Every structure is written in C-alpha cells, then in structure tokens.
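Colleague: A structural model of the following input is requested.
(2 chains)
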Amino acid sequence: MLFFSYFKDLVGQEVTVELKNDLAIRGTLHSVDQYLNIKLENTRVVDQDKYPHMLSVRNCFIRGSVVRYVQLPPDGVDVDLLHDAARREARGG
Amino acid sequence: MAATTGLESLVDQMISVITNDGRNIVGVLKGFDQATNIILDESHERVFSTKEGVQQLVLGLYIIRGDNIGVIGELDEELDASLDFSKLRAHPLKPVVH
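Modeller: All right, here's what the predicted structure looks like:
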C-alpha cells in the first residue's frame, strides 16, 4: 500500500514511465490503482522516431505489470517522509 | 481518489493496444474487467516494418487476456486520420521481458 499512496501523491506531476519493452512514455500522471496501473495524460513517446507506434495516442493506460521504471520529477520525493512511511510499513503499522 | 484508473472512460472509443508480444491492435473498446481482460470490436492489427509502410490486418471481434496487455492508448481519431501509414516505417516493438 505504501507505493500506492506514494504514487497517489504524485498525481498531476510529469513522469516518464519506462516499460519492459524499452518503450518510454512521458506524460502527466492522471491516476494509479492498487495494481500500480498508471494512467497518463498528454503523453508522448520519448524516442518518437524509433517508436512511432503511439503517434496518435494522447492519453493512455499502462498496465502495472509492464512497468520497469517510473522516472520522477526531482522535487517529487520527500525523502524524510518516505523514510518514515517505509519504517512504519516495515513495523506492520 | 477523484480520478478513476479504470477503463470505463474509454468504452465505445477507439483504442490502441500494445500487447506483451509487441503487437499493436486497434479497435473499439466494448468491455473490460479488473484483470484488464478486454473486448475489442472492429479490430485490426497494425504491423510495423522497416521494409514497407504499416500493414493493417483485419481481425474483427477480439478478446485479449489482461496478462498479455501492456498499454492501452486512447486513439485521437483526428490525429490518427492525419497520419500517412504507408510512409511510416519502424521496427516492430520488442516483446515485454519480465
């Protein structure tokens, strides 16, 4: 649940999602769910010349199971807050 | 949470699905469930290659199992109509490697 809550706090921010097929999609985080499925708005593929497969897609749903990385905005992480939350989660709280 | 992550907003819309084996299937979303299994109507596959333009293969009514789905994109039909697929050349997408 920790990362679900964490991603919910990032809604509205610009992120880049790198998939397990090497495709990287950048867009505004619209929503996440319990499976960490992600919805992005105003999307563009990072290397559009190499991957023109989604040229006419502006909003997309990414299945959580194919996400390799989510690149966050530099100021998107409150490290102290996340530390505390992770400790609490580890204690089973 | 105000925004929904489900696919209800895409029902009856043209969507573009990228599957785990790298295929790109375009069709009208007719139904879905919590495992992302989807029903696509009037679907066709877009086959990308470096040798020729994009080939479109007619598939018809399709059910795709959620396990095999990577990305579901909402197709902007205006934008899509403006693309010249006969000139578009690219390697097919790589399969998803877990």
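
Colleague: Next, count neighbours for the residue of chain B found nearest chain A.
Modeller: Nearest to chain A in chain B, going by C-beta to the nearest C-beta, is B:Gly73, at a distance of 3.3 Å. Heads up, the C-betas are built off the backbone N, CA and C, glycines and all. By other C-beta atoms under 10 Å in any protein chain shown, the residues close to B:Gly73 number 25.

Colleague: could I get stretch B:22-30 in CSV with only the CA atoms?
Modeller: What follows is stretch B:22-30, C-alpha atoms only, in CSV (Å, rounded to 0.1, in the frame of the first residue of the first chain):
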residue,chain,number,x,y,z
GLY,B,22,4.8,-6.4,-29.3
ARG,B,23,1.7,-6.3,-31.4
ASN,B,24,-0.4,-3.2,-31.9
ILE,B,25,-4.1,-3.8,-32.1
VAL,B,26,-6.6,-1.0,-32.8
GLY,B,27,-10.3,-1.3,-32.2
VAL,B,28,-13.4,-0.1,-30.3
LEU,B,29,-13.4,-1.0,-26.6
LYS,B,30,-16.6,-2.8,-25.7
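
Colleague: Run through chain B and note the low-pLDDT ranges.
Modeller: In the predicted model, chain B carries pLDDT under 70 at residues B:1-2.

Colleague: can you list the residues of it near chain A?
Modeller: B:1, B:3-7, B:10, B:16, B:18, B:20, B:22, B:24, B:36, B:46, B:48, B:66-67, B:69-77, B:79-80, B:83, B:88, B:90-91, B:93-98 (C-beta under 8 Å from any C-beta of the partner chain).
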